[in-house]
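Asks: Pasting the sequence and the predicted model now:
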Amino acid sequence: MQLIFETVKSRKRSDEGDFWVNHNQGLLHLSGEKIVETIPWTKLGHQGIAVTLAADRLQGGIWLGFFNGGLAYLRDGQVRASYSAADGLGKGHVTDLRFESRGTLWAATEGGLSRIRDGRFLTLTSKNGLPCDTVHWSIEDDDRFVWAYMACGLVRIARSELDAWVNDPNRRVDTTVFDSTDGVRNHALFGGYRPLATKSADGKIWFLPLDGVGVIDPQNLPSFNKLAPAVHEAGASLDFWIAPAYYQRTWFLFLCAGSFLVLLWAAYQFRLRQVTEQVRQRMEGRLEERERIARDLHDTLLQSVQGLILKFHAVSKQCDEPVRQAIEKTLDHADEVMAEGRDRVRNLRATSLPLSDLGAAFRRVADETAPGREAAFKVMVEGKARELNPMILEESFSIGREALSNALIHSGAQNVEVEITYDARQFRLRINDDGRGVDPEVLEKGGRAGHWGLPGMRERARKIGGQLEFWSRRGTGTEVELKIPGTTAYSAGRVASKGFWLGRAFARMRGRYE
């Protein structure tokens, strides 16, 4: 059987010679060496366990004080009475119960020292003169002074003061307080073995603080000097002045503040140079890669295709008229392919989409992608146009071009809209159509196997710190939306803080490489 050590000592012997022990599972009734019954705590009408017991010598039975607050009176195995703060009992833990010879029960609670007699409750608190409210235990000495161990110290109250308070509950009592300056250790919370205090044969009071044993002799208390010191009508004075240290002077404080601002500015300039260098390196690497691809396309693929076209021209002159005409038509298409290839190479070498032509660029894409289209095409621009960072401009145009081509070529849409929004907080590009839509499974997987349009758009958006979203269902059209924070998107200095300086860095990079 496991017992809670702090409550093993809190066992009281009833008039019948039986023992009651508060166990962690309930209240044990022992007769001799046998357990007569076990009463679970849940059947005693209060939450939690009882931490203190007191035998009622006049009525018989026992009283129980609960850790979570409340009292219960148990007799013949039945709960005869139950009390809580609503009945006038002090609030919170009940840590000690003490009977007087006349049958009055005193309960030490977290909310004060409660007196119970004939079902009537009175609670002595700080409003009535106590130095604080939490009472751990109380005991009466041989001279009928009541001692109470409280969270703020050991308190001594005369019996006459308590009797006067009982007759007038609004009265304030006079107390004597012994605190840490007198050697009494104060504790807001309390636990340990029961009983918490006892009186020896010589009249001394022994009690248990949290970390040892305390004792006080009520017959030999330290004397208090109540004589006020003599006061002179005219006192002595001495005027003196101490010069402030250098670190207390105003100029030193200003110097420290100025030094801090200089260091802060230096750190800011260093970070700005770091960001500018990172942007410059990224732009240089990107331009070098674009130029390399352009050179490879021009020196290999386009030159080879041009050579094939010339050879086919020579061969066509030796063929019959029907065959020659067919070859000529094919060669015309090849010339168009060559022209498109040269345009791509030119775009790779110098991408310059002027600010005012972003909408026109999408119109040109629509004209080149579906020149004989039946779908209605519209471009809308909201907000005052702002200059975009070169990288943002290029990648946004590439994303929009891919979405626009899909809408015009593959969706079978009747209406296609491009919406460009310049907002101080963000740049937004939206392409909307009323075509056949995209299977949600394709969007969820990120694209169809062997097709790289959707993955490429997502990669471009991630590269520039944008958010790309798709909405589509079969038969309900498709909407593609790209959103980029204004501090990243715009080159101009109209955005605040970090975006202002990053915008200037992008602008300098653009001016260098265009």
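Replies: Received it, and whenever you're ready, just let me know what you need. Model, not experiment: these values are computed from the prediction.

Asks: What's the separation between the residue of the chain most remote from its centre and Ile309?
Replies: Most distant residue from the mean C-alpha position of the chain: Asp320, 82.7 Å away (C-alpha atoms, centre = their mean). Distance, Asp320 to Ile309, by C-beta to C-beta, to the nearest Å: 20 Å. Heads up, the C-betas are built off the backbone N, CA and C, glycines and all.

Asks: if we can go back for a sec, give me phi/psi at the residue farthest from the centre of the chain?
Replies: Dihedral angles of Asp320 (phi, psi; degrees, to the nearest 10) stand at phi -60, psi 160.

Asks: residue ranges of the strands in the stretch 51-200 of the chain, please?
Replies: With strands called from DSSP state E, counting those that start in this stretch, the stretch 51-200 of the chain shows them at 62-66, 71-75, 78-83, 94-99, 105-109, 112-117, 120-124, 135-140, 145-150, 153-158, 175-178, 197-199.

Asks: Tell me the strands beside the second one, with direction?
Replies: The one in question is strand 71-75. strand 62-66 (antiparallel), strand 78-83 (antiparallel) (DSSP bridges).

Asks: okay, those strands, which one's buried deepest?
Replies: strand 62-66 (a mean of 25; mean count of other C-beta atoms under 10 Å).

Asks: how far off strand 94-99 does that strand point, in degrees?
Replies: Here strand 62-66 runs at an angle of 160 degrees relative to strand 94-99 (axes from the mean of the first three to the mean of the last three C-alpha atoms, to 10 degrees).

Asks: now Ala334, what's its secondary structure?
Replies: Following DSSP: H, G, I helix; E, B strand; the rest coil, Ala334 is assigned to helix.

Asks: tell me the contacts of it?
Replies: Taking C-beta atoms under 8 Å, 6 or more residues apart in numbering, we find Ala334 in contact with Val305, Leu308, Ile309, Phe312.

Asks: just curious, which of those residues is nearest to Ala366?
Replies: Nearest to Ala366 among the contacts of Ala334 is Val305, at 27.1 Å by C-beta to C-beta.

Asks: can I assume that closest one sits in a strand?
Replies: No - applying three-state DSSP, one finds Val305 to be helix, outside a strand.

Asks: That one is in contact with Asp335, isn't it?
Replies: No - with contact defined as C-beta atoms under 8 Å, Val305 does not reach Asp335; the gap is 9.9 Å.

Asks: was I right about Trp137 contacting Trp206?
Replies: No - in this structure, Trp137 is not within contact of Trp206 by C-beta under 8 Å, at 11.6 Å.

Asks: Among those two, which residue is more densely surrounded?
Replies: The residue with more neighbours, out of Trp137 and Trp206, is Trp137; 24 against 15, by other C-beta atoms under 10 Å.

Asks: any idea how far that one lies from Gly466?
Replies: Separation of Trp137 from Gly466 (C-beta to C-beta) stands at 70 Å.

Asks: Show me the common contact partners of Trp137 and Trp206, please.
Replies: Contact criterion C-beta under 8 Å, 6+ apart; residues shared by Trp137 and Trp206: Ala197.

Asks: Thr104 versus the closest residue to Gln59 other than its chain neighbours, what's the distance?
Replies: Using C-beta to C-beta, 6 or more residues apart in numbering and skipping residues adjacent in sequence, the residue nearest Gln59 is Arg75, 7.1 Å away. Look at Arg75 and Thr104: by C-beta to C-beta, they are 18 Å apart.

Asks: do the same with Lys127
Replies: 21 Å.

Asks: Ile216 too?
Replies: From Ile216 across to Thr104, the span is 23 Å (C-beta to C-beta).

Asks: ok, these two, which is more surrounded?
Replies: Neighbours were counted for Ile216 and for Thr104 using other C-beta under 10 Å; Ile216 has more, 19 against 13.

Asks: So the more buried one sits against Lys204, correct?
Replies: Yes - the pair Ile216 / Lys204 is scored as a contact, 6.9 Å apart, by C-beta under 8 Å.

Asks: beta partners for the residue nearest to Gln59?
Replies: Counting by DSSP bridges, Arg75 forms beta bridges with Gln78.

Asks: That one: what's it in contact with?
Replies: Shown in contact with Arg75 (C-beta under 8 Å, 6+ apart): Asp56, Gln59, Gly60, Gly61, Ile62.

Asks: Now with 10 Å, please.
Replies: Neighbour list for Arg75: Ser14, Asp56, Gln59, Gly60, Gly61, Ile62, Trp63, Ala81 [criterion: C-beta atoms under 10 Å, 6 or more residues apart in numbering].

Asks: ok, so of the residues you listed, who is nearest Phe362?
Replies: Here the nearest of the contacts of Arg75 to Phe362, counting by C-beta to C-beta, is Ala81; it sits at 86.8 Å.

Asks: How about the contacts made by that closest one?
Replies: Listed by C-beta under 10 Å, 6+ apart, the contact partners of Ala81 are Gly45, Gly61, Trp63, Leu71, Ala72, Tyr73, Leu74, Arg75, Asp87, Ile116, Gly119.

Asks: Count the residues that sit near the first one.
Replies: The tally of other residues near Gly45 (other C-beta under 10 Å) stands at 16.

Asks: Give me the pLDDT value at it.
Replies: On pLDDT, Gly45 comes in at 81.

Asks: gap between it and Leu74?
Replies: With distances taken as C-beta to C-beta, Gly45 is found 10 Å from Leu74.

Asks: Pull up the overlap in contacts between the two.
Replies: Common neighbours of Gly45 and Leu74 (C-beta under 10 Å, 6+ apart) are Leu64, Ala81, Ser82.

Asks: Pull the contacting residues for the last one.
Replies: It refers to Ser82. So Ser82 contacts Leu44, Gly45, His46, Leu64, Phe66, Gly70, Leu71, Ala72, Tyr73, Leu74 (C-beta under 10 Å, 6+ apart).

Asks: Could you measure from it over to Lys463?
Replies: From Ser82 to Lys463 the distance is 72 Å (C-beta to C-beta).

Asks: elements contacting the lengthiest helix in the chain?
Replies: Ranked by residue count under DSSP state H, the longest helix found in the chain is helix 250-296. Packing partners of helix 250-296 (3 or more C-beta pairs under 10 Å, 6 or more residues apart in numbering; DSSP states H and E): helix 321-349, helix 390-409, helix 497-513.

Asks: Return the set of buried residues in whichever helix or strand comes after the longest one.
Replies: Yep, that's helix 321-349 we're talking about. As assigned by DSSP states H and E, the chain's next helix or strand after helix 321-349 is helix 358-369. Neighbour-count burial for helix 358-369, counted by 16 or more other C-beta atoms under 10 Å, picks out Leu358, Ala361, Phe362, Val365, Ala366.

Asks: again, but for stretch 30-49
Replies: Under the neighbour-count criterion of 16+ other C-beta under 10 Å, stretch 30-49 has Ile39, Trp41, Leu44, Gly45, His46, Ile49 buried.

Asks: Just the ones in strands from the residues you listed, please.
Replies: Of these, the ones assigned to strands by DSSP state E are Ile39.

Asks: Would you mind putting the contacts of Ser82 into a markdown table with distance to Asn22 alongside?
Replies: Putting those into a markdown table (distance: C-beta to C-beta, whole Å) gives the following:
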| residue | distance to Asn22 |
| --- | --- |
| Leu44 | 10 |
| Gly45 | 15 |
| His46 | 12 |
| Leu64 | 7 |
| Phe66 | 10 |
| Gly70 | 14 |
| Leu71 | 14 |
| Ala72 | 12 |
| Tyr73 | 15 |
| Leu74 | 11 |
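
Asks: For Arg271, state which of those residues is nearest.
Replies: Comparing the contacts of Ser82 against Arg271 with C-beta to C-beta picks out Phe66 as the nearest, at 62.6 Å.

Asks: got a list of what the closest residue to that closest one other than its chain neighbours touches?
Replies: Nearest non-adjacent residue to Phe66, counting by C-beta to C-beta, 6+ apart: His46, 4.5 Å away. By C-beta under 10 Å, 6+ apart, His46 lies in contact with 64-72, 79, 82-84, 94.
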